[in-house]
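Novice: the sequence and its predicted three-dimensional model are supplied below.
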Amino acid sequence: MKNNSLGRAFLLLVIAGAIGYGIGLGIDFSIRGELKLSASVPSAFALLFSFTAFFFGLYGYRGITRGLVFQVVGTVIGAALVTGIRALMGLESIGAFLFTEPAWVFGALVGVISFFFGVGVMTDWVKWARGIDTPDHHEDEPGWQKYFGVSLDHKVIGIQYTVTALFLLAVGGTFALIFRTELAASGLDFLTLDLDVFNQNGPQLYNTLMSLHGMIMIVSILLGISGIMNYVVPLLVGAHDMAFPRMNAFAYWVAVPASVLLLLALILGGFDTGWTGYPPLSSRAPLGVQMFFLGVFTAGWSSILGALNVIATVVRMRARGMTAMRMPILVWASVATSIIALTATQLIGLSFQLVMFQRLFGMGFFDPGKGGNPVLFQHLFWFYSHPAVYVFVLPGLGVISELLPVFVRKPLFGYRWVAMSSLGIALVGFVVWAHHMFTSGMNEYLRVPFMYSTMLVAVPTGVKFFSWVATMWGGKIETPTPMLFVLGSIVVFLLGGVTGPPNAMVALDLHLHDTYWVVGHFHDTIFGGFVFPFFAAIYYWFPKATGRKMNEFWGKVHFWLMTPSFFALTLGMMFIGLRGMRRRIVDYDPALGFDGAHLFLTVCAFLIAISILIFFINFFRSIKHGEPATGNTWNSRSPEWQVPSPMPAHNYEVPFEVVGEPYDYGLPGSKFVEFAAKTAGKH
Amino acid sequence: MRHFIVVGILTIIASVLLYLGLSAAHLMPVAASAQAVPIDWMWNLILIVMSFFFSLIVVPMGYSLIVFRRRRGETGEGAHFEGNTTLELFWTAIPLLIVVSFSVLGARNLAQTLARNPQAPVIKVTGLQWSWRFEYPADPETGLVVVSDQLHIPVGEQVLLRMTSSDVIHSFWVPEFRVKQDLVPGRFTELTITPTEVGSYKVRCAELCGTSHYSMEKPVVIQSQADYEAWMAGELEKAKLASSSPEGFGQLLVQQNGCAACHSITGGTLVGPTWLGLYGSQVELSDGSAVTADDAFIAESISNPQAKIVKGFESVQMVQYAFTPDELSAIVAYIKTIK
Ligand code: HEM
Ligand SMILES: [Cu+2]
Ligand SMILES: [Cu+2]
């Protein structure tokens, strides 16, 4: 059944894409008066039509399909409304991208809200508002179809998050491959000045792809950690679901229209600001920057609401006997992450919103000509975006601490210290933001306190490393694929960790800032703290979700191809960065002699891409064809592995009680949890 | 106990080898300023610490993976120990001590790179999309001011760069000088440099500033006092000559303001339209109409570039320049000569 609908979906994708393109071309022609194949409007139509048709073919007119239709229609209605008002007021009503900028922004906003109604996440709330009762649980359809509509089950939502994150990882990765190819040799090779795609020349397209690569990857991370936390946290604490299942579904579905907006940013003129969107550059950038701001703003809601849910679940819904100091480490890490996400995300939303208003209403928040201050933006922005990097990595570090004892067959060394170090990192993370601004023109000596606070983060981070090493010491270490990725995480994150303090030393950072050194450094922290642990988590919990294991052989191929290529990639980046390679450039001075190095880096990037392709194939094949694994696959003490896989719809049929320490491997006769007798009644 | 001794020795060996390898690799470019000295000193210190901590984690991990691996057919669990508070305190306190000492050193280090001689001559630097403009101190005799898109400094002389931007944020960076400072519109930022090595370098804009950020590079020439004076005399001569003919003055303004970053005079299309044969030609605009490129059109295109957009250049926003009417007509006069 699935193959059939998948074939149909792809067919519809192509047909609808062509139709949309044709309509767009017609509209564009009527405005422009000439045929331009690489213009923005046809591709924007093609993108929206083909996406929608794909899901229609797969799933019919409901759930996500209906949401996308609503989004498209809502966008057009909203934009038409503003266009009409502008026409009445005698203002310009047709812009370079069919609608004017205010019309696009308002339309996009209406489109996002329409999506929620279309997909159906609002249904229960609307009913409640009208005084109609709804059942507590909605039974999901069996099989794969439940993933395309609104489900309230945290496990379904967790998988929705994970798959969306993987999709965005692929999109962002493709962008990276495109611009890495351009960088392989000096000179403008195919992103040339006379290129004209989506109203952008080559360097402009490079800037757009580079900026979107950054932000799409960041959104991918935020969805990825939500995937892990949603799937695993309720299972680890013994809850039957998240505390607020409807809000949980809402938080996921927010991310879908947000991703559509981010992709639209590429087509609607792009933007050249990097993911940081500093004004005045962003206040002059093309229309794409507004779609980018709105997309990020929307995605931020997902983070905030998701975080609220995790905290409420952990505080209120733990199994009997699970005191704070007996919670699995991943639960601690999720709480620490959620505290940051809940309290800091607003700042990036706010800073982007202020620039949106500056563009739309002429408010001069960051415009020196109107008494505004461009450096203020950087403070607002980094007040979120530094803590955000800990949002990215803390769950991953939690995964490392969670899985290491299982494969080392030994208790986690210094449980309390590891748990508290997550909180320590989270708290110190709030007072280091200005280390991104050492060259910004902020007060010269104010930089010194930020150097102290930044260096301080190294201490709790160090505690984690030492604890991991001590955990491995004297164990009986096994190395199946998930453990390989755990080990990879530690070493890669270590490389990111030791290359951090140089950036904190103010004077040294004056050299390092905005170079490929920094690009190498943060790819290490992100891969070590998120990408590797994310893969580890997928290989590890895959049997729990599907009842089958992913193929070990191809898992190992994935690991052994990706890890060395990745080391070479980032070490190479750091090397050329030290020697003068600036960040965010489409071309470099051949006199610097970097051609060979860049070619090498491009090859590494393609090797990584191939390894990730192998992962994707393994992932989708194993859902049906993987080796059955319904028991305690990894011989873990954790509660979710004490019941058969795949996990039943409402989790544990009988509640469990915590009777011991989570990681007492090697202590004869000890147990972490004990299930009540079958007759003890249900929740 | 034997394990600990072996690992300890291996860790020390690995740290030393790693450090020696890294410092032999000469990772930093040539140091050509006095400011580079404390920065490179700090880099070297950091390399030692980096090598040590990297080895301190990786070596015991690798050792464990080999020695404590589960062997074929082996059953049972690992040794059961849950932690050790003394050890935890130890590896919290020692790193704490290290990072605090580093911060103290770092503050001193920063002060060294900022150290400034209050008598140092001031060069005004303006960043613009996508060029650099350097304004030198006025000539004491004639009062003439040399403006160039190149930075020339006599070797060994400290100068203070007083910098601002006319559009978006840029960043001044010469890798061989190490230090970097953003140029922010609406305010002045300062950077002290003391070049110590004669040579030609480049200032490379380090803050993303739009389409041609990648090519925002201009020569920086460090020369002996005599060479510098000769260059300065030549520039003064040019300035004097330029002020005698409008075309010459226009050409000088064009050079100083970096127009060539976007406009060629040889017919090739860069970010903006070429100037070759522009004057008097018919220009097609983005709204489909056409105008003749006369004095008024060219002057308007410079002082209010968004008023009429040339077809094919809709995606680029040229900066708005605030030239005086005299300067404008000089530039137009110069453009007339490009045939
Ligand atoms: C094959 C894998 C990847 C390659 C080859 C790659 C390559 C690059 C390169 C070359 C840049 C610098 C672009 C420039 O400064 O011009 C960059 C920027 C960036 N990358 Fe990646 N990347 C990869 C994967 C990832 C992943 C997985 C993430 C996050 C999860 C990520 C996050 C970022 C971010 C945040 C930026 C900064 C964008 C900006 O400067 O605004 N990258 N990447
Ligand atoms: Cu930071
Ligand atoms: Cu720049």
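Specialist: Perfect, thanks for sending it. This structure is a prediction, so every number in the text was calculated from the model and none was measured. Residues are numbered from 1 along each chain as shown, chains lettered A, B, ... in the order given. Ligands and ions are numbered 1, 2, ... in the order given.

Novice: so what's A:Trp125 up against?
Specialist: A:Arg246 (Cβ atoms under 8 Å, 6 or more residues apart in numbering or on different chains). Backbone N, C-alpha and C define where each C-beta goes, glycine included.

Novice: name the element it belongs to?
Specialist: A:Trp125 is part of helix A:123-129 when elements are defined by DSSP states H and E.

Novice: from the chain's centre, how far out does the helix or strand following that helix sit?
Specialist: Next in sequence after helix A:123-129, counting helices and strands by DSSP H and E, comes helix A:154-183. Per Cα atoms, centre = their mean, to the nearest Å, the displacement of helix A:154-183 from the mean C-alpha position of its chain is 8 Å.

Novice: same deal with stretch B:105-125?
Specialist: Stretch B:105-125 sits 17 Å away from the centroid of its parent chain (Cα atoms, centre = their mean).

Novice: what's the closest residue to ligand 1 within the stretch 151-300 of chain B in contact with, if anything?
Specialist: Using Cβ to the nearest ligand atom, the closest approach of the stretch 151-300 of chain B to ligand 1 is made by B:Leu208 at 7.6 Å. Residues near B:Leu208 by Cβ under 8 Å, 6+ apart: A:Asn207, A:Asp272, A:Thr273, A:Gly274, A:Tyr278, A:Leu281, A:Arg583, A:Arg584.

Novice: and what of A:Phe352?
Specialist: A:Phe352 makes contact with A:Gly277, A:Phe293, A:Val296, A:Phe297, according to Cβ under 8 Å, 6+ apart.

Novice: before we move on, what SS does it have?
Specialist: Three-state assignment for A:Phe352 (DSSP: H, G, I helix; E, B strand; the rest coil): helix.

Novice: so for it, what's the nearest residue that isn't a sequence neighbour?
Specialist: Leaving out its chain neighbours, the residue that sits closest to A:Phe352 by Cβ to Cβ, 6 or more residues apart in numbering or on different chains is A:Phe293, at 4.2 Å.

Novice: so that neighbour makes contact with A:Gly277?
Specialist: Yes. A:Phe293 is within contact range of A:Gly277, at 6.9 Å (criterion: Cβ atoms under 8 Å).

Novice: between those two, which one's more packed in?
Specialist: The neighbour count for A:Phe293 versus A:Gly277, taken as other Cβ atoms under 10 Å in any protein chain shown, is higher for A:Phe293 (28 against 23).

Novice: measure the more buried one to ligand 3 for me?
Specialist: 21 Å (Cβ to the ion, to the nearest Å).

Novice: and what of A:Ala249?
Specialist: As judged by Cβ to the ion, A:Ala249 and ligand 3 stand 44 Å apart.

Novice: part of a helix, is that residue?
Specialist: Yes. Counting by three-state DSSP, A:Ala249 is part of a helix.

Novice: I'd say it and A:Gly149 touch.
Specialist: No. Because the distance of 9.9 Å does not satisfy Cβ under 8 Å, A:Ala249 is recorded as not touching A:Gly149.

Novice: what helix or strand does residue 29 sit in?
Specialist: Assuming you mean chain A. Counting by DSSP H and E, A:Phe29 is part of helix A:2-32.

Novice: by proximity to ligand 3, which residue of the stretch 51-200 of chain B wins?
Specialist: Residue nearest to ligand 3 within the stretch 51-200 of chain B: B:His170 (4.9 Å; Cβ to the ion).

Novice: and for the stretch 101-250 of chain A?
Specialist: A:Asn207 (10.9 Å).

Novice: tell me the mean pLDDT over the helix or strand that the helix holding A:Phe29 is followed by?
Specialist: Later in the chain than helix A:2-32, the nearest helix or strand by DSSP H and E is helix A:40-59. Per-residue pLDDT values over helix A:40-59 give a mean of 89.

Novice: ok, helix A:40-59 near chain B or not?
Specialist: No. Using Cβ under 8 Å from any Cβ of the partner chain, helix A:40-59 stays clear of chain B, coming no nearer than 10.2 Å.

Novice: show me what secondary structure element comes after the strand or helix carrying A:Thr343.
Specialist: A:Thr343 belongs to helix A:329-361 when elements are defined using DSSP H and E. The helix or strand immediately downstream of helix A:329-361 is helix A:374-408, counting by DSSP H and E.

Novice: that older thread, what's opposite the residue of the stretch 51-200 of chain B closest to ligand 3 in the beta bridge?
Specialist: Beta-bridge partners for B:His170, by DSSP bridges, are B:Leu183.

Novice: that one and B:Lys180 touch, don't they?
Specialist: No. B:His170 sits out of contact with B:Lys180 when judged by Cβ under 8 Å, with a separation of 10.9 Å.

Novice: which one's more surrounded, these two?
Specialist: Using other Cβ under 10 Å as the criterion, B:His170 and B:Lys180 rank with B:His170 on top: 32 against 23.

Novice: from A:Leu446, how far out is the more buried one?
Specialist: 22 Å (Cβ to Cβ, to the nearest Å).

Novice: go on, B:Glu157?
Specialist: Counting by Cβ to Cβ, the gap from B:Glu157 to A:Leu446 is 30 Å.

Novice: which SSE is A:Met442 in?
Specialist: Per DSSP H and E, there is no helix or strand for A:Met442.

Novice: ok, it touching A:His436?
Specialist: No. Because the distance of 10.4 Å does not satisfy Cβ under 8 Å, A:Met442 is recorded as not touching A:His436.

Novice: which one of the two is surrounded by more residues?
Specialist: A:His436 (22 against 17).

Novice: for the more buried one, which non-adjacent residue is spatially closest?
Specialist: Spatially, and ignoring its direct neighbours in sequence, A:His436 is nearest to A:Trp382 (4.8 Å; Cβ to Cβ, 6+ apart).

Novice: what's near enough to touch the one you found?
Specialist: A:Trp433, A:Ala434, A:His436, A:Met437.

Novice: got JSON lines for these, with secondary structure too?
Specialist: Listed next are these as JSON lines, based on three-state DSSP:
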{"residue": "A:Trp433", "secondary structure": "helix"}
{"residue": "A:Ala434", "secondary structure": "helix"}
{"residue": "A:His436", "secondary structure": "helix"}
{"residue": "A:Met437", "secondary structure": "coil"}
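
Novice: who touches stretch A:599-613?
Specialist: For stretch A:599-613, the surrounding residues in contact (Cβ under 8 Å, 6+ apart) are A:169-170, A:173, A:176-177, A:180-181, A:183-185, A:557-559, A:561-562, A:565-566, A:568-569, A:572-573.

Novice: need the helices for the stretch 201-339 of chain B, in chain order.
Specialist: Assigned by DSSP state H, counting those that start in this stretch, the helices in the stretch 201-339 of chain B fall at B:225-242, B:246-256, B:295-303, B:325-336.

Novice: mind listing what's buried along the longest one?
Specialist: Residues B:Tyr228, B:Trp231, B:Met232, B:Glu235, B:Leu236, B:Lys238, B:Ala239, B:Ala242 are the ones in helix B:225-242 that count as buried (16 or more other Cβ atoms under 10 Å in any protein chain shown).

Novice: gap between that helix and the chain center?
Specialist: That offset, for helix B:225-242, works out to 26 Å (Cα atoms, centre = their mean).

Novice: pull the residues that contact that helix.
Specialist: Here helix B:225-242 makes contact (Cβ under 8 Å, 6+ apart) with B:136, B:139, B:142, B:144-146, B:148, B:152-155, B:157, B:221, B:223, B:248-249, B:251-252.

Novice: and the angle from the helix or strand of chain B with the lowest mean pLDDT to helix B:225-242?
Specialist: Least confident helix or strand of chain B, by mean pLDDT, DSSP states H and E, is helix B:246-256 with a mean of 81. Per axes from the mean of the first three to the mean of the last three Cα atoms, to 10 degrees, the angle that helix B:246-256 makes with helix B:225-242 is 140 degrees.
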